[in-house]
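[1] build me a model:
(chains A, B, C and D)
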2 protein chains.
Amino acid sequence: MIKKTGRTQEERSRKTKICLFEATLDSLEELGYHGASLSQILKRAGVSRGAWSHHFTNKKELIARSTEYILDQAVETTRRWAGSVEITKDKLQKLFDFIWDNFYTGRHRAVWLEINVACRTDTELRKRLTPVFEHFHESMKEAWNNWFDATENGKTESGKTDVETVIILAINTLRGMAVQSIVQDDPEYYRQMRCELIRMISPLIRVQAYKHIRVAEKNEEA
Amino acid sequence: MIKKTGRTQEERSRKTKICLFEATLDSLEELGYHGASLSQILKRAGVSRGAWSHHFTNKKELIARSTEYILDQAVETTRRWAGSVEITKDKLQKLFDFIWDNFYTGRHRAVWLEINVACRTDTELRKRLTPVFEHFHESMKEAWNNWFDATENGKTESGKTDVETVIILAINTLRGMAVQSIVQDDPEYYRQMRCELIRMISPLIRVQAYKHIRVAEKNEEA
DNA sequence: TTAAATACCGACCGTTCGGTCTGTAAATAA
DNA sequence: TTATTTACAGACCGAACGGTCGGTATTTAA
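    Have a look, this model is predicted:
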């Protein structure tokens, strides 16, 4: 009795891998790096041990490839978002809400934390992922160029911190809040803090914000 | 043949526990929560399995007590530091350098990360440590009162973010940088960013800073 | 000096871990 | 149709895990 599935080898292979990626990421979110055992991941994915070993050399490689997978998704999401948002006066707020919701809550936050912390003590994993992280940062930087034209990020006022630095600091603030929110979970509080953060940095990057608005207004004229 | 050590029971007990705490914390730093196995900790501490089980019900309890231990040390260090620093114009810089060096580098950073991330997925550990963290924060808050008189943290200018919020945001920025520094290790870069951060927030808390300096000057007059 | 309490020792246990290996099923190329 | 390659299945393995337990050593109280 031969069971034909009607799928090509490539389709079967791809499907299995994606199931494993998703199961790995869900396991990392739910159980942490420490609790995400291979048996558990395979059970969740509905994939046999044999199928897994056919596609991946070992567990670490599965973890690494799953990380690549979620980062690629993140870049794609960001590109789509950055390419379809109107330029308004509260765009800074929208930017940081987007970053928070997509990167510093839910599964992405979980995976980000678990993988980063794992990399701290696992040299092999860190070396494997360093170029992946670098590529990720490059892609994100490029995507944000729809927001702040990187080429014109000069000093806002003489002696003041430039815009890119302010943004980097602000993103680090979000990162810190993301860690803190593990033990002190209170979404409303972090929303408030995000507002305060934006209120704090807005004056420092007003130049850029207004520049974009001026551009938008010009486009409306045409 | 009886070997008298000349130590009291309490001394012996205390010594063993401290050895275990230190070994646990060192293991967490070096191997991470994931790699810090009990056998490894015991070997490092030079303590037998039997001695361990006599003092602790299980591994998680050892982890939790070790966390309490390092947090108590941190509070003590902070109290000493806060009680013995001259009030100068660059005291903000000194404050954040102190916080960074003591909490967001080295062993403390490692343990902070490992334990927090472990708490994310381990409800039991989180419940066990939540009051510990709360007590820690209370103690730290109290210690910082030597720096910023909490009772006078009003609005610096109408509509602006108040001082305490600015400080909390800044500490979150340090936290974010601490995570980032796992994968992107560059002490000089983070020193620079810390400078920029301070330059950014200094104007927002100038009132307080000067107030303290005025107090110091007054004391000199007397 | 003796009895009780406390501190400590390490062999042992059941479980789970990541990884391997032999064999089968399905798709593809000849 | 057949041969080859690719995809998958699951039993099995040694190693390491956290935890237990019966016995010994040291201190302390009677």
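
[2] near DNA strand D, which residues of chain A?
    Residues of chain A found near DNA strand D (Cβ under 7 Å from any atom of the strand) are A:9-10, A:12-13, A:15-16, A:47-51, A:53-55. Where C-beta positions appear, they are placed from N, C-alpha and C, glycine not excepted.

[3] go again with 10 Å.
    Within chain A, the positions near DNA strand D by Cβ under 10 Å from any atom of the strand are A:5, A:7-17, A:19-20, A:34, A:39, A:42, A:45-55.

[4] DNA strand C next: which of those residues are close?
    Answer for those near DNA strand C (Cβ under 10 Å from any atom of the strand): A:5, A:7-13, A:34, A:39, A:42, A:48-54.

[5] which outside residues touch stretch A:63-77?
    Residues outside stretch A:63-77 that contact it (Cβ atoms under 8 Å, 6 or more residues apart in numbering or on different chains): A:17-18, A:20-21, A:24-25, A:28, A:33, A:56, A:102-103, A:107-108, A:111, A:115, A:118, A:125, A:128-129, A:132-133, A:136, A:139-140, A:143.

[6] ok so, going back, can you select the buried ones from the ones next to DNA strand C among the residues of chain A next to DNA strand D in PyMOL?
    Of these, the buried ones go into a single PyMOL selection, burial set by 16 or more other Cβ atoms under 10 Å in any protein chain shown:
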select buried, chain A and resi 34+42+51+52
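
[7] quick revisit: mark which of the contacts of stretch A:63-77 are buried, thanks.
    If we count by 16+ other Cβ under 10 Å, the contacts of stretch A:63-77 have these buried: A:17, A:20-21, A:24-25, A:28, A:33, A:56, A:102-103, A:108, A:111, A:115, A:118, A:125, A:128-129, A:132-133, A:136, A:139-140, A:143.

[8] what helices or strands is the helix or strand in which residue A:189 is found leaning on?
    Per DSSP states H and E: residue A:189 is located in helix A:187-201. Judged by 3 or more Cβ pairs under 8 Å, 6 or more residues apart in numbering or on different chains; DSSP states H and E, helix A:187-201 is in contact with helix A:91-103, helix A:163-183, helix B:163-183, helix B:187-201.

[9] elements contacting the first one?
    Taking 3+ Cβ pairs under 8 Å, 6+ apart as contact, the helices and strands that helix A:91-103 lies on are helix A:59-82, helix A:106-121, helix A:163-183, helix A:187-201, helix A:206-221.

[10] now that helix: buried residues?
    For helix A:91-103, by 16+ other Cβ under 10 Å, it's A:91-92, A:95-96, A:99-100, A:102-103.

[11] now tabulate these in CSV and tack on pLDDT and distance to residue B:82.
    CSV is the format used below for the buried residues of helix A:91-103 (pLDDT from 0 to 100; distance: Cβ to Cβ, whole Å):
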residue, pLDDT, distance to residue B:82
A:91, 81, 41
A:92, 86, 35
A:95, 90, 37
A:96, 94, 32
A:99, 97, 34
A:100, 98, 32
A:102, 97, 39
A:103, 98, 35
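
[12] run the chain-centre distance for the lengthiest helix in chain A.
    In chain A, with assignment by DSSP state H, the single longest helix is helix A:9-35. The chain centre lies 17 Å from the centre of helix A:9-35; the measure is Cα atoms, centre = their mean, to the nearest Å.
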